[in-house]
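Peer 1: I need the structure of the sequence given here:
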Amino acid sequence: MIIEQKHWSNSEWKETLSSSKDVEANLVLVFGGRHQLSDGRRFEEIKEQYPNANILVGSTSGEILDTEVHDDTLVLTAIQFEKTTIEVAKLTQSEIDDSFSGGEVLAKRLLKEGLRHIFVLSDGLKVNGSELVKGFESALPSTVSVTGGLAGDAARFEQTLVGLNGVPEEGSIAAIGFYGNDLKIGHGSQGGWDPFGPERKVTKSKNNVLYEIDGQSALELYKMYLGDKADGLPGTGLLFPLSIREEEGGASVVRTLLAIDEEAQSMTFAGDIAEGATAQLMKANFDKLIDASVDAAESSSELLDGSNAELAILVSCVGRKLVLGQRIEEEVEEVREVLGNGPAITGFYSYGEVSPIVKSMNCELHNQTMTITTFSEN
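Peer 2: Take a look at the predicted model:
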């Protein structure tokens with residue numbers, strides 16, 4: 001695997017990771033600010049630099065490059081796989097009935113002999129991430145893992161963009177399939193939030209829209225706990241996600257608030273919340289958030305079976321970025337500490353993270369986690 005990285009900032013491209021060999025990239029990952037990506041000139045510049053590559057582009061709530069976190073820039077990672085083949089697929093909302101069918105259709109397009117892994121990048125506001133992941137799971141064998149994330153838009157929640165071999169646009173879902181036995185993939189996803197307040201029962205919801213908890217307005221209950229921070233909803237909701245457990249004794253997932261509707265007294269989350277599920281508010285624990293990044297990196301590294309990671313893609317939640325504030329680079333630095341100096345590190349802050357739970361191959365949409373995918377052709 002041959003890799004180089006570039007950073008677009010202050011109206012110019014700068015190379016930040018050089019290779020001793022010429023890179024004939026077959027895949028280019030570009031993560032950046034929405035306003036920068038919407039300028040079609042940036043895509044044309046990238047295409048000119050890498051004419052034979054598939055170019056995956058997504059908007060972010062912050063860009064990760066090595067151990068640094070940037071805002072409103074472009075982070076480019078060009079990869080030449082030497083033993084691995086890739087194929088790509090893309091859909092727009094207008095081409096599918098719902099988010100589930102989007103995942104199903106993309107999975108079937110990529111499901112060919114030798115498929116090992118799929119990396120998916122989706123619109124973060126118009127696509128139901130939970131249903132998208134279920135669609136992928138329905139069409140893939142258990143031997144194929146899926147990771148990725150939902151595009152971001154800082155903390156604005158106005159518009160997210162995804163592109164594949166073209167200028168990015170709203171409502172798009174793109175997926176990369178990786179094929180061949182020489183590629184090893186690791187994955188890890190951890191949160192680090194502390195629960196507080198009582199556990200409550202979800203009594204009215206539909207997909208990712210929550211109406212009532214314990215028979216009361218979920219929005220009013222949420223506002224009561226937020227106190228003076230309620231005036232900043234939905235943005236301040238990122239600081240207090242919900243832990244959701246569908247079955248007694250089952251694994252919990254975290255859900256991030258995306259929008260509120262005062263008239264309907266409803267709250268829209270980045271993933272589904274099932275009626276009958278147990279819900280509990282969560283709050284930040286700074287040290288645990290950073291420790292979770294260490295755990296995710298260790299999990300992703302262990303799954304490489306002794307090989308050294310050559311590339312690491314980090315997808316972390318915008319809520320973590322808002323909470324950690326000036327300490328945000330600590331979670332990326334801890335990942336570098338675990339993975340060592342070898343791998344190129346790229347990634348972004350998202351509206352949702354896609355990864356198997358712990359070391360299982362069963363995929364889930366997560367919120368408020370650090371999710372890491374590592375690749376090795378060693």
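
Peer 1: going by C-alpha atoms from here, please, whenever you check contacts or count neighbours.
Peer 2: Fine.

Peer 1: tell me the contacts of the nearest residue to Val254 once chain neighbours are set aside?
Peer 2: Spatial nearest neighbour of Val254, chain neighbours left out: Ser243 (4.5 Å); criterion: C-alpha to C-alpha, 6 or more residues apart in numbering. Contacts for Ser243 (C-alpha atoms under 8 Å, 6 or more residues apart in numbering) come out as Pro195, Ser252, Val253, Val254, Arg255, Ala279, Gln280, Leu281, Met282.

Peer 1: packing partners of the helix ranked longest in the chain?
Peer 2: Counting by DSSP state H, the longest helix found in the chain is helix 286-302. The criterion is 3 or more C-alpha pairs under 8 Å, 6 or more residues apart in numbering; DSSP states H and E, and the helices and strands that helix 286-302 contacts are strand 184-190, helix 318-324, helix 328-339, strand 370-376.

Peer 1: pull the helix or strand with minimum mean pLDDT from this protein.
Peer 2: Across the helices and strands of the chain, the lowest-confidence element by mean pLDDT, DSSP states H and E is strand 363-366, at a mean of 80.

Peer 1: same for it, what does it pack against?
Peer 2: Using 3+ C-alpha pairs under 8 Å, 6+ apart, strand 363-366 sits against helix 129-139, strand 145-150, strand 253-255, strand 352-356.

Peer 1: for Gly114, which of those is the nearest?
Peer 2: strand 145-150 (12.5 Å; C-alpha to C-alpha).

Peer 1: tilt between that closest one and strand 184-190?
Peer 2: With axes from the mean of the first three to the mean of the last three C-alpha atoms, to 10 degrees applied, the angle from strand 145-150 to strand 184-190 works out at 50 degrees.

Peer 1: helices or strands next to strand 145-150 in the packing?
Peer 2: Using 3+ C-alpha pairs under 8 Å, 6+ apart, strand 145-150 sits against strand 115-122, strand 352-356, strand 363-366.

Peer 1: I'd like to know the average pLDDT value across the longest one.
Peer 2: When the per-residue pLDDT values of strand 115-122 are averaged, the result is 97.

Peer 1: alpha carbons of it, as CSV, please.
Peer 2: The C-alpha atoms that make up strand 115-122 are tabulated as CSV, following Å, rounded to 0.1, in the frame of the first residue of the first chain:
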residue,chain,number,x,y,z
LEU,A,115,-15.5,-9.1,-1.1
ARG,A,116,-14.0,-8.6,2.3
HIS,A,117,-15.1,-5.2,3.5
ILE,A,118,-17.4,-2.2,2.6
PHE,A,119,-16.7,1.4,3.6
VAL,A,120,-19.9,3.5,3.4
LEU,A,121,-20.3,7.3,3.5
SER,A,122,-23.8,8.6,3.6
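
Peer 1: which positions within it qualify as buried?
Peer 2: Neighbour-count burial for strand 115-122, counted by 16 or more other C-alpha atoms under 10 Å, picks out Leu115, Arg116, His117, Ile118, Phe119, Val120, Leu121, Ser122.

Peer 1: equivalent analysis for the last one, please.
Peer 2: By neighbour count, and taking 16+ other C-alpha under 10 Å as the criterion, the buried residues in strand 363-366 are Cys363, Glu364, Leu365, His366.

Peer 1: right, and the last one touches Val354 too?
Peer 2: Meaning His366. Yes - counting by C-alpha atoms under 8 Å, His366 touches Val354, with 6.0 Å between them.

Peer 1: next, count neighbours for Lys206.
Peer 2: The local packing of Lys206 (other C-alpha atoms under 10 Å) involves 12 other residues.

Peer 1: gap between it and Gly276?
Peer 2: 11 Å (C-alpha to C-alpha, to the nearest Å).

Peer 1: and of the buried residues of strand 115-122, the nearest to Val75?
Peer 2: Leu121 (15.4 Å).

Peer 1: contacting residues for Gly180?
Peer 2: Contacts of Gly180 (C-alpha under 8 Å, 6+ apart): Lys83, Thr84, Thr85, Gly114, Leu115, Arg116.

Peer 1: any idea how far Lys112 is from it?
Peer 2: Separation of Gly180 from Lys112 (C-alpha to C-alpha): 11 Å.

Peer 1: cool, Lys206 as well?
Peer 2: Counting by C-alpha to C-alpha, the gap from Lys206 to Lys112 is 35 Å.

Peer 1: most centrally placed residue in the protein?
Peer 2: Central residue of the chain (C-alpha atoms, centre = their mean): Gly149, 2.3 Å from the mean position.

Peer 1: leaving out the residues flanking it, which one is nearest to that one?
Peer 2: Nearest one to Gly149, counting by C-alpha to C-alpha, 6+ apart, is Glu353 at 4.3 Å.

Peer 1: tell me what the nearest residue to Ala218 once chain neighbours are set aside is bridged to.
Peer 2: Closest residue in space to Ala218, ignoring its immediate chain neighbours: Glu212 at 4.6 Å, by C-alpha to C-alpha, 6+ apart. With beta bridges defined as DSSP bridges, Glu212 has these partners: Lys204, Ser217.
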